[in-house]
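In: After the sequence you'll find the predicted model.
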Amino acid sequence: MIATNIRRLSVYLVLAFASVSGALVWWQVLDAQALATRQDNPQVIATRRSLPRGSIFDAQGRLLASSVVVDGISRRTYTDPAFTHLLGYASLRFGATGVERAWDDLLTGRTDPNPLRDLVNDILDRQPNPRDLTLTIDQRLQDFAAAQLGADRGAVVAIDPRTGAILALVSNPSYDATGFSGDPATAQGAFDAVAGAADNPFLDRSRQGHYTPGSIMKVLTAAAALDSGAITPETTFEDQPTEEVDGFVVSGFTIREHDLGNVAPALWDLSPALQVSSNIYFAHVGLELGADRYLGYAHRFGFCAGLRIGTDDRGLPVDPSYVSAQADDGCARFRDDVELASAAFGQAAVSVTPLQMALLAATIANGGIVPQPYVVRDLRSHAATPTDGPTEIVLEAYGAGRGNPAVSSQVADQVRQVMIDAVSGPIGKLYAGAGAVTRFGISGVETAGKTGTAERGPGLKPHSWFIGFAPAQEGAIPSIAIAVIVEGGGSGSGHAAPIGGSVMAEWLKLIAAAG
Amino acid sequence: MTGEVLRILLLVLQLGFLAILYLILVGFSRALLRDLRSAEVTQMASQSGIGRLSVVESPDDEPALGTAIALGPINSIGRNVNSTIFIDDDFVSGTHAMLTFRGRSWFIEDQGSTNGTYVNGHRIDRPVALSFGDELTIGRVRMRLER
Amino acid sequence: MHAVPRPLELRLLLPLVILVPLGFAVTHIAQTGALDPGPMGVAVGYVGLMLGAHLALRLLGNRGDQLLLPCVATIGAIGIVMLNRLPQGLLGTDAFGVQFGMATTQLLWFAVGVSAMVAVAGRFRDDGVLRHYKYTWALAGTLLLVITFLFGREVNGARLWIFLGPLGFQPGEAIKIVLVIFIAGYLAEKRTLLAGASARIGPIRIPPLPYLLPMIAIFVIVMLVVVISRDLGTALLFMGIFLTMLFVATGRRSYVLLGILLFIAGSFVAYNLFGHVRIRVDNWIDPFVDPSDRGYQTVQALYALGRGGLFGEGLGQGLPTISGHLPIPALPTDFIFAAVAEELGLIGAFALLALVMCLVFRGLRTAMLARDDFSAMLAVGLTVSLGLQTLIIAAGNVKLVPLTGITFPFVSYGGSSLLACFVVVGLLLAISHRSVVDAQIEGRGP
């Protein structure tokens, strides 16, 4: 009988050993990659400490970041503070952020893009071979956009709508990260100075800023309503004129029109309603569309989930944007019609990142397809003297990912047309005319756009928003889509729109000069 | 390039270490397997019996010292020659004790003997369950219950 | 007592003649980058020691299990290679005015352990001493424990050491064996009562408490002292040994479940009562909350596992030191398994676990072949003490259970543990020898 019990015991013991083996398999094989890229992994620190690290160049081969090994310790220099949020930093003490973090293993050469060579290197324990990156961003446009923001807090995101290539990604205020990863003796001081500075310079407002969008959200509402068939461009709402005076009551809550200036209320259809940015019109549209369809289209445009600049396994994370309250798995259901109607014109619980809004503009520009954003163009072999520019040996090119369709191309065309009207239509130019590229020395090019003035509550100056793209005229292929936010900048037309227009104009000049 | 050669050599040596380790493991598992087979055989052989008494002390050598007596489920012990376990000792009664296997365990019960039955040196006054390894003393004969 | 051949044992020991020196050479080449095997003294000493043990068992005429020694020797070989590969000055002894490095010190303890094993295997042919004086053993063990608690020296927050001049040892290791002897003796005597009689409350079977009480009383005293000395690993180990032996003696899973429930309740109380328990458990749940301080060692161990991958970083090429420091201070003791898994990879760690399992199987087989209940229970308890100790520390290394400071048998650095483990093997050899000899007597029977 003891023998029987011992036999049973041995089965239990085998099971126990098996579960330890299972845990080993998990840590050593299944989860090994995740462990290997964690920032406090001593292997990551050791390579970062003493080994050369690849350089980073802009789209034209201008040097943005490079490393030298001094006294056995690798030090990194960043040339342009306008890129700080995007590139991040690679520091022994403070870890790594941004592109430096996402591409860390390739910059240091800990992994090889060729899996077979990676295996051989690993087995033979070869010295890592650093590699360089080039970005999709032209430093001139990035610097120009940063200069336009000036001292204001805010962000500028520009995307090539056809490919998803990021053309500018600026967050203000910025800082110089060279001090963090340079001399270890002074690194802590440099870090503390930035950490203690006003307006939280560490926050990348383009990816992690959460803002109320205001009227720029009407672009999404219009596109969704047209695509679902809830409205046509000719749809009017019977009660509009009186409501504009008295307000429009939804479930006992009064939605009022904002100050229309000198414009007299009338029975508008979509184009004039977008030109004057009528809240009541879009509240109607939202109700007509309904909560379910509204949430569905928000998802298609990329809302309610985290986004990535790059691919899922290698890229910069972008915080999710929401059209309603935040729920565990994305956007919560709308509480009631009041919230739905308010969300339709960009208030209530709507909370967005500038990158998401740039994607919204880019989607309309791209015929209804949401482009997949990316910012690192290719991986190259390491240039010995980085100041001479990158090598010609491209090891891996990161192309445009496949976009996701959000609305049909017909609907995108209809929205594009009303966005052109919003900038240059008879009433629209009173509001968003400052966003037209024609104001900044470009002729013969139409601009599509929309301003936003995001109310933040009593006593706070609203955020100033602009989204748009150019060239927008019939038959032209838009080459830049943009989102601009100036925190507390007041009306969209006053502050964000001219920045948007000038940055787009600068880009058109740059590509014209390049031929 | 000598560095590369050294690295390859090192790799070969490292693999060699693991290989020897596994070679030893193969040796172990072969021994384990072989043993498992022979264990089955011995188990089959030993399952026929439910226990045995091995004689530890026997002054008159009946039963003989060092022998192991195979047991059936019911065993009478005594100087009576018809006893299952016959003990030729002056201090043993005719029917001295009963050793029985009930359910899962062995039990010993004194049959009103003159000199008593002892388990591990203690005299018993009622039926007592035995474990393997326990020692019975009957008269001057000492026997150990074994599997 | 006349010499017997032990051919299988010799055959399985012979590969060590290559394995250990090869391991030493590989680590030396990997670390220096020069084609030079480095010093071989410890390696030769180790192999010589194991072959010597084989010879001694032959001369003593031990007919016991021939797989036990090779198993232990191979497990120990991995340990000595790993320890020799670490910076030698980190741990070690300063005894007798001579500075011994870590591997040399460990080799000396191996020598002490192997001698003890051979002595025990030769001496304890008759189990009477162990069996009949079980209460004396229990008393001695408890006393030793109390002495340690009162007069011991605190190392790493747990009072486990007694120092006699320069020599420190952990009585907890000896108590482990004594406790097993006591429980085996008690259960062997009362087994039939325990298995048969049991009270019932509704559908729940209650153990016959009166029969168990003396054993539980002594066990509880031991556990209390162990818990108060903050030696959580040992507490877990003792509990495991106790429940396993109870299960084997009675075959009642309900007893074990009851024990586990009690243990969980006790752990819950301990979690709320003691800060150090809370730290360990919180750390276990998510070490990445505080990766640079409290969770540091656990996190570093996980990184080591991750670096190892399937085939390992290569012997001698792991990252146990960063500019001269051990990233895991307790690497030679608590985290040696993680270090093995890093350098030899998943396949190496599997081999190590397989070797321990092999040892456990042989121990359990010894128990099954034992002729009497006491020997069987003793063999089970001793085997399980080795097996569970391995499981607890290995599972702690891979974050399956909270990490506790106990050693990996035959691999971790540490003399007391090594000595105790070899005594266990010695006892198993003695038990095994007896059953083989008895079986041969039976063969000559009527």
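Out: Received, thanks.

In: Run through the strands of chain B in chain order.
Out: B:52-57, B:68-70, B:74-78, B:85-86, B:97-102, B:105-110, B:117-119, B:122-123, B:128-130, B:135-138, B:141-146 (DSSP state E).

In: same for the last one, what does it pack against?
Out: Strand B:141-146 is packed against strand B:52-57, strand B:135-138, with contacts defined by 3 or more CB pairs under 8 Å, 6 or more residues apart in numbering or on different chains; DSSP states H and E. (Each C-beta comes from the backbone N, C-alpha and C, glycine too.)

In: List the pairing partners of that strand within its sheet, with orientation.
Out: strand B:52-57 (antiparallel), strand B:135-138 (antiparallel) (DSSP bridges).

In: Let me know how buried the residue of the stretch 401-515 of chain A found nearest chain C is, in neighbour terms.
Out: In the stretch 401-515 of chain A, the residue that lies nearest chain C is A:Gly401 (28.9 Å; CB to the nearest CB). The local packing of A:Gly401 (other CB atoms under 10 Å in any protein chain shown) involves 17 other residues.

In: likewise B:Gly121?
Out: Residues near B:Gly121, counting by other CB under 10 Å: 9.

In: what's around the nearest residue to A:Ala454 once chain neighbours are set aside, how many residues?
Out: The spatially closest residue to A:Ala454, leaving aside those adjacent along the chain, is A:Gly214, at 3.5 Å (CB to CB, 6 or more residues apart in numbering or on different chains). Using other CB under 10 Å, A:Gly214 is surrounded by 29 other residues.

In: thinking again about what came up before, rank the strands of chain B by mean pLDDT and give me the bottom one.
Out: For the strands of chain B, mean pLDDT drops lowest on strand B:68-70, to a mean of 79.

In: Please name the strands paired to it in the sheet, noting orientation.
Out: strand B:52-57 (antiparallel).

In: what does the stretch 201-350 of chain C put close to chain A?
Out: C:244, C:247-251, C:291-292, C:299-300, C:302-303, C:305-311, C:313-314, C:317, C:319, C:322, C:327, C:341, C:345-346, C:349-350 (CB under 8 Å from any CB of the partner chain).

In: give me that answer again for 7 Å
Out: C:244, C:247-248, C:251, C:291-292, C:300, C:302-303, C:305-310, C:314, C:317, C:319, C:322, C:327, C:341, C:345-346, C:349-350 (CB under 7 Å from any CB of the partner chain).

In: are any of those residues buried, and which?
Out: Buried by 16 or more other CB atoms under 10 Å in any protein chain shown: C:244, C:247-248, C:251, C:291, C:300, C:302-303, C:305-309, C:314, C:317, C:319, C:327, C:341, C:345-346, C:349-350, out of those.

In: so which residue of chain B comes closest to chain A?
Out: For chain B, CB to the nearest CB, closest residue to chain A: B:Arg7, 4.5 Å.

In: Quick check: the gap between the closest residue to chain B within the stretch 251-400 of chain C and B:Glu146.
Out: Residue nearest to chain B within the stretch 251-400 of chain C: C:Asp372 (2.6 Å; CB to the nearest CB). Going from C:Asp372 to B:Glu146 by CB to CB, to the nearest Å gives 6 Å.

In: list the residues that contact both of those two?
Out: Residues touching both C:Asp372 and B:Glu146 by CB atoms under 7 Å, 6 or more residues apart in numbering or on different chains: B:Phe132.

In: which SSE is C:His28 in?
Out: Secondary structure assignment for C:His28, by DSSP states H and E: helix C:16-32.

In: now the end-to-end length of stretch A:18-33.
Out: 23 Å (CA to CA, to the nearest Å).

In: How about it, which residues are buried there?
Out: Those would be A:20-21, A:23-25, A:27-29, A:32, for stretch A:18-33 by 16+ other CB under 10 Å.

In: For the residue nearest to B:Gln111 when sequence neighbours are not counted, grab the count of nearby residues.
Out: Nearest residue to B:Gln111 in three dimensions, chain neighbours excluded: B:Thr95, at 4.8 Å (CB to CB, 6+ apart). When neighbours are counted by other CB under 10 Å, B:Thr95 registers 16.

In: pLDDT score for B:Thr95?
Out: Reading off the model, B:Thr95 has pLDDT 87.

In: Surely it touches B:Asn82?
Out: No. The pair B:Thr95 / B:Asn82 is not scored as a contact, 9.2 Å apart, by CB atoms under 7 Å.

In: Show the low-confidence segments of the stretch 1-150 of chain A, by residue range.
Out: For the stretch 1-150 of chain A, the stretches with pLDDT under 70 are A:1, A:39, A:47-48, A:122-126.

In: what does it put close to chain C?
Out: A:1-3, A:5-6, A:9-10, A:13, A:16-17, A:19-21, A:23-25, A:27-29, A:31-32, A:35-36, A:40-43, A:46, A:125.

In: do chain B as well
Out: So chain B meets chain C at B:6, B:10-11, B:13-14, B:16-18, B:20-25, B:27-28, B:31-32, B:66-68, B:104-105, B:129-133, B:146-147 (CB under 7 Å from any CB).

In: Dig out what the residue lying closest to A:Pro354 once chain neighbours are set aside forms beta bridges with.
Out: Computed as CB to CB, 6+ apart, the closest residue to A:Pro354 that is not its neighbour in sequence is A:Ala155, at 4.3 Å. In this entry, A:Ala155 is beta-bridged to A:Ser171, A:Ile485, by DSSP bridges.

In: Which pLDDT does the model give A:Ala155?
Out: pLDDT at A:Ala155 comes out at 95.

In: so what's it up against?
Out: A:170-171, A:205-206, A:209, A:354, A:485.

In: switch to 10 Å and redo it
Out: A:85, A:145, A:149, A:168-172, A:203-209, A:211, A:353-355, A:357-358, A:483-487 (CB atoms under 10 Å, 6 or more residues apart in numbering or on different chains).

In: what do you get for A:Pro317?
Out: By CB under 10 Å, 6+ apart, A:Pro317 lies in contact with A:101-102, A:207-208, A:306-310.

In: And these, which of them are buried?
Out: By 16+ other CB under 10 Å, those give A:101-102, A:207-208, A:307-310 as buried.

In: Double-check that A:Ser67 belongs to a strand.
Out: Yes. Counting by DSSP: H, G, I helix; E, B strand; the rest coil, A:Ser67 is found in a strand.

In: And it, how close does it get to B:Ala68?
Out: The value you get for A:Ser67 to B:Ala68, if CB to CB is used, is 82 Å.

In: got it, and B:Ser29?
Out: Counting by CB to CB, the gap from B:Ser29 to B:Ala68 is 34 Å.

In: same check, this time on C:Pro5
Out: Relative to B:Ala68, and taking CB to CB, C:Pro5 is found at 26 Å.

In: These two: who's more crowded?
Out: Between C:Pro5 and B:Ala68, counted using other CB under 10 Å, B:Ala68 has the larger neighbour count: 23 against 10.

In: what bridges to the more buried one?
Out: The partner residues for B:Ala68, given DSSP bridges, come to B:Ser54.

In: Without its sequence neighbours, what residue ends up closest to A:Leu64?
Out: A:Ile56 (4.8 Å).

In: follow-up on the earlier one: out of the helices and strands packed on strand B:141-146, deepest packed?
Out: strand B:135-138 (a mean of 22; mean count of other CB atoms under 10 Å in any protein chain shown).

In: ok, and what's touching that strand?
Out: So strand B:135-138 is contacted by B:53-54, B:56-57, B:77-79, B:85, B:87, B:89, B:91-93, B:96-97, B:99, B:106, B:108, B:110, B:113, B:115-124, B:128, B:130, B:142-145, C:372 (CB under 10 Å, 6+ apart).

In: This completes my enquiry, with thanks.
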